[in-house]
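1. Need the 3D shape of this:
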Amino acid sequence: MKMQSSEIVIERIDEVYVDKRVDKVVSEILEIPRNQVQNYIKDGFIKVCSRFISKSYKLKYGDCLSIIIPPPKNNKIEPNDAPIKILFEDEDVVVVEKPAGIVVHPGAACEDVSVVSALKYRGVRLSSIGAPLRGGVVHRIDKDTSGVIVLAKNDRAHFFLAKQFFEHSIERRYIGVVGCHLKQNSGEIDKPIGRHPKNRKLFAVVENGKEAITFYKLLKRLENYDVVMFKLQTGRTHQIRVHMKYLGCPLVGDATYGGVLKEIKRQALHAFVLGFRHPWSGKFLKFYSKLPEDMRVLIGG
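-> You can find the predicted model right below:
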C-alpha cells in the first residue's frame, strides 16, 4: 500500500477480499456508507488496475485497487470542545479517551458536541475520509460507553487503520458489569448480529447477521453482579451489549437491552485497552484507559 496525493493504492488484493463486491469491501474497510462508495465508483474515483468498474464488480486474485477520496463539499461540524483527553498524537494518529455521554461523531440526532468537534476545536487535523461528519473516524464506541479510541489524521493512516479493523487484527478489551452471575467463568460467544427483526433501531442475534465473536472472562463476583473482561474478535455495532443480552445477562444500566437501572445511569461498559500497528512505523502500540468513577463506585473499587 502506498499514498500518492489523495490516492490510496492497494497493489495487490488480499485473499480475504477476493470474490466480494468492490463497493461492499471499500465501504466496510473505510467505514463509509455504501451509497457514497457507489457514487465514488460512478464518478471514476475508484478503479481496479486503472480500469473503470461497476459497483457490482467482484474482486479477483491479482487485482490492484486505487481509491481517490475527493475533498468534502462542505464542513458541517462546528468546533465545540468536550472533556476528552488526548493520550497520544503524532502526524498520523490521535488516541483519545472518551467519557460516557459524548458521541464520537454527529449522527441522526445532529449532536453539536462530539469527539470530532472537540478535536476540531483543539486544531487537530483529521483525514478527509468520511468527512465532514465522520472525518478521521475508523471505529466507534457507543455514546454511553467510555474509553479509548483512535482517529486518523490523514487518508493513508485512515486506510491503514481501517484495514486492521476490517481484518480483526486490532486488540480491543473492555470491562463491563453484568446484572447476573455467569454460568461459566470464561467463554466465547460466536453468534451473528444484525438488525432486530422488529425494531430496526436495535440489534440482535439473528441467523443471517454478520459474524460476531466475543470472548469473556470473569474478573470479580459481586453480590448481585459480575465484573467481566471482554475481548472483541469482531466489532459489530452494540456487539458486547447484544451478546450479553443473548446470554440473559445484560449489562447493568443498559436500558436498551434490558439491563437493570440501579447505581449507574448508563451501560456499565468501558473500553480500557486498544492496540494497533502504527500506520507509518508498523510498530504495535497499546493504550490503556482507567475505569471512570461511576464504574469504580459500582464495583466498589
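
2. Is there a neighbour count for residue 52? I'd like the number.
-> Per other C-beta atoms under 10 Å, the neighbour tally for residue 52 reads 11. (C-beta placed from N, C-alpha, C; glycine too.)

3. Run through the bridge partners of it.
-> For residue 52, the beta-bridge partners are residue 47 (DSSP bridges).

4. roughly how far apart are it and residue 254?
-> Look at residue 52 and residue 254: by C-beta to C-beta, to the nearest Å, they are 47 Å apart.

5. Next: residue 245.
-> Counting by C-beta to C-beta, the gap from residue 245 to residue 254 is 8 Å.

6. ok, these two, which is more surrounded?
-> Legend: neighbour count by other C-beta under 10 Å for residue 245 and residue 254, higher for residue 254 (28 against 22).

7. ok, that one touching residue 243?
-> No: shown here, residue 254 and residue 243 do not form a contact pair, counting by C-beta atoms under 8 Å, at 11.9 Å.

8. which residues in the protein form helices?
-> With helices called from DSSP state H, the chain shows them at 22-30, 34-42, 115-121, 155-166, 239-246, 293-299.

9. mind listing what's buried in the last one?
-> Buried residues in helix 293-299, defined by neighbour count with 16 or more other C-beta atoms under 10 Å: 294, 295, 298, 299.

10. do the same with stretch 166-181
-> 166, 170, 172, 173, 174, 175, 176, 177, 178, 179.

11. what residues are up against the second one?
-> Translated: residue 170. Residue 170 makes contact with 139, 164, 235, 274, 275, 276, according to C-beta atoms under 8 Å, 6 or more residues apart in numbering.

12. Check the first one too.
-> Listed by C-beta under 8 Å, 6+ apart, the contact partners of residue 166 are 28, 29.

13. any idea how far it is from residue 248?
-> 31 Å.

14. cool, and the third one?
-> Shown here: residue 172 relative to residue 248, a distance of 24 Å by C-beta to C-beta.

15. With the second one instead?
-> Between residue 170 and residue 248 the distance, using C-beta to C-beta, works out to 29 Å.

16. now do residue 230
-> From residue 230 to residue 248 the distance is 16 Å (C-beta to C-beta).

17. So if I had to pick from the two, which one is more boxed in?
-> residue 230 (22 against 11).

18. residues contacting that one?
-> Counted by C-beta under 8 Å, 6+ apart, residue 230 has contacts 173, 174, 175, 176, 214, 215, 216, 240.
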